[in-house]
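A.B. asks: need a structure here:
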Amino acid sequence: MIALKRSSQVSSLNQDEYIMAILQEARPNIIRLAQKMRIDFDDAYQQAALVLCRVFARGDNQMPQGYYWRAMRLEIIGTYGAIRYSNRVKSVQNTISIDLASGPDHTPLADFLVQPEPAPCDDGRNDPRAKVLYAALRRLHKEEQLEIKDRFHLHDFQPESPQPANWSRSIGSIRSNAFYHLRRDKRLAAILEVRA
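C.D. replies: Next up is the predicted model:
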């Protein structure tokens, strides 16, 4: 690898070798930028090479290293940021608001929509397994109840505990402690027919 400390070394090197040396030195930064923007590394690397070729074609071959990295970074962000923005704008343009007024009397589109029939809801209130599960959950600490409710989308479960939630533990610790106690709950194991 060629150490690039001074821009005066450009005269002693071939332009292509110098571009490759700059790209090699900027490779970790290009990798991080590609990961941050969620794009393919090869695409970002190719874009950076094209930028350097354009910069050198303009005659800017005596610039400091930071200039080249800034040019590469701005080009990559500009190109892929514009693509993301245009995709987001296209998705917004294809949507129609139901509050949009139509017709001579300016009736909103929402008035023309047919109300769907309510879906049959089996929320588990009559299921004995759900009752035992909710009882087992209520024996946990408040923060464990809240975490399990959010994690598994138990919308009908209402956490109850005389103590306030203590969020000083990590989420992983809260979950593992909750799972530990639920696995050892004998009533829950009996209704689910699992060995405790």
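A.B. asks: could you look up the SS state of residue 18?
C.D. replies: At residue 18 the chain is in helix, as set by DSSP: H, G, I helix; E, B strand; the rest coil.
A.B. asks: that one: how many residues sit nearby?
C.D. replies: Around residue 18 there are 21 other residues, counting by other C-beta atoms under 10 Å. C-beta: built from backbone N, CA, C; applies to glycine.
A.B. asks: then the one 10 residues further on?
C.D. replies: Around residue 28 sit 9 other residues, with neighbours defined as other C-beta under 10 Å.
A.B. asks: phi and psi next, for it.
C.D. replies: Main-chain dihedrals, residue 28, degrees, to the nearest 10: phi -60, psi -40.
A.B. asks: that one: what's it in contact with?
C.D. replies: By C-beta atoms under 8 Å, 6 or more residues apart in numbering, no residues touch residue 28.
A.B. asks: mind checking how far it is from residue 134?
C.D. replies: Residue 28 sits at a distance of 51 Å from residue 134 (criterion: C-beta to C-beta, to the nearest Å).
A.B. asks: now do residue 107
C.D. replies: Distance, residue 107 to residue 134, using C-beta to C-beta: 45 Å.
A.B. asks: neighbour count for the two, which is higher?
C.D. replies: Comparing residue 107 with residue 134 by other C-beta under 10 Å, the one with more neighbours is residue 134, at 19 against 11.
A.B. asks: these two touch, right, that one and residue 152?
C.D. replies: No. Contact criterion C-beta atoms under 8 Å: residue 134 and residue 152 do not qualify, at 11.9 Å.
A.B. asks: what is the three-state secondary structure of residue 159?
C.D. replies: Applying three-state DSSP: residue 159 is coil.
A.B. asks: what count of nearby residues applies to it?
C.D. replies: Using other C-beta under 10 Å, residue 159 has 19 neighbouring residues.
A.B. asks: so it touches residue 134, yeah?
C.D. replies: No. If you go by C-beta under 8 Å, residue 159 and residue 134 don't touch, sitting 9.7 Å apart.
A.B. asks: please parse this structure into its domains.
C.D. replies: As assigned by automatic domain parsing, the chain contains the domains 7-93, 128-192.
A.B. asks: need those in TSV (columns: mean pLDDT and distance to residue 116).
C.D. replies: Output for those, formatted as TSV (pLDDT from 0 to 100; distance: least, C-beta to C-beta, whole Å):
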stretch	mean pLDDT	distance to residue 116
domain 7-93	73	24
domain 128-192	86	19
